[in-house]
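S.K.: Here is the input, now give the coordinates:
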Amino acid sequence: MKRFDFSSTKLRAATALGVVLALAVATTGFAKPGGGGCKGEKRGDRIERKIAALEVDEEKRAAAYAVVDKARSARRGLEAELRTARERMRSMLDGEAPSEEEVLAQAERIGALETELHRDRLKTMLAVRSIVGAEAWKKVEKRRDRAGRRGMHRDGARARF
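M.R.: The predicted structure follows:
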């Protein structure tokens, strides 16, 4: 009976490959659809989930949803403009020799649109808070705190709502 020589380079390489493949298969079994993170939800869905969790009467809840719907429809044009600006930036950078001046101007435009969108989201959140009341909003935030601040950064700063 012939014994395997484990010092063989081919055998060590095959063993290493087997271990790597076994780990790859095992870890994909634990992967979450959508990669975890936002669990497949869009940013705007988070505020709607908060509204659903609020302990307020249906009139206030309906008013809060109306604010979110109105803001979302108003924001669609801005989001389309941002997509177009990003596509233009990509096409500029894919070109032979993009002009530094044009690229930086486009970056400024993209930054301004992102800031405008962020301000709009904050305005929406503040409007919803004013409708439902600070106390009800704090209860939802406390629940989220108890569940674990998945939106926290390492330094403790809050992430986007």
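S.K.: Can you tell me, leaving aside adjacent residues, what's nearest to Asp120?
M.R.: Using C-beta to C-beta, 6 or more residues apart in numbering and skipping the chain neighbours, the partner closest in space to Asp120 is Arg75 (5.6 Å). (Each C-beta comes from the backbone N, C-alpha and C, glycine too.)
S.K.: my bad, Val128
M.R.: Distances taken as C-beta to C-beta, 6+ apart put Ala64 closest to Val128, at 4.7 Å, once the chain neighbours are dropped.
S.K.: returning to that earlier point: what's downstream of the strand or helix carrying the residue nearest to Asp120, the next helix or strand?
M.R.: Taking DSSP states H and E as the definition, Arg75 sits inside helix 58-94. Going down the chain from helix 58-94, the next helix or strand is helix 100-132, by DSSP H and E.
S.K.: and that next one, which residues are buried?
M.R.: Within helix 100-132, the residues that qualify as buried are 106, 109-110, 113, 117, 120-121, 124-125, 127-129, 131-132, counting by 16 or more other C-beta atoms under 10 Å.
S.K.: mind giving me a markdown table with these and columns for pLDDT and distance to Glu55?
M.R.: Putting the buried residues of helix 100-132 into a markdown table (pLDDT from 0 to 100; distance: C-beta to C-beta, whole Å) gives the following:
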| residue | pLDDT | distance to Glu55 |
| --- | --- | --- |
| Gln106 | 94 | 46 |
| Arg109 | 95 | 43 |
| Ile110 | 95 | 40 |
| Leu113 | 95 | 36 |
| Leu117 | 93 | 30 |
| Asp120 | 92 | 27 |
| Arg121 | 90 | 23 |
| Thr124 | 89 | 20 |
| Met125 | 87 | 18 |
| Ala127 | 90 | 19 |
| Val128 | 86 | 14 |
| Arg129 | 87 | 14 |
| Ile131 | 87 | 14 |
| Val132 | 83 | 9 |
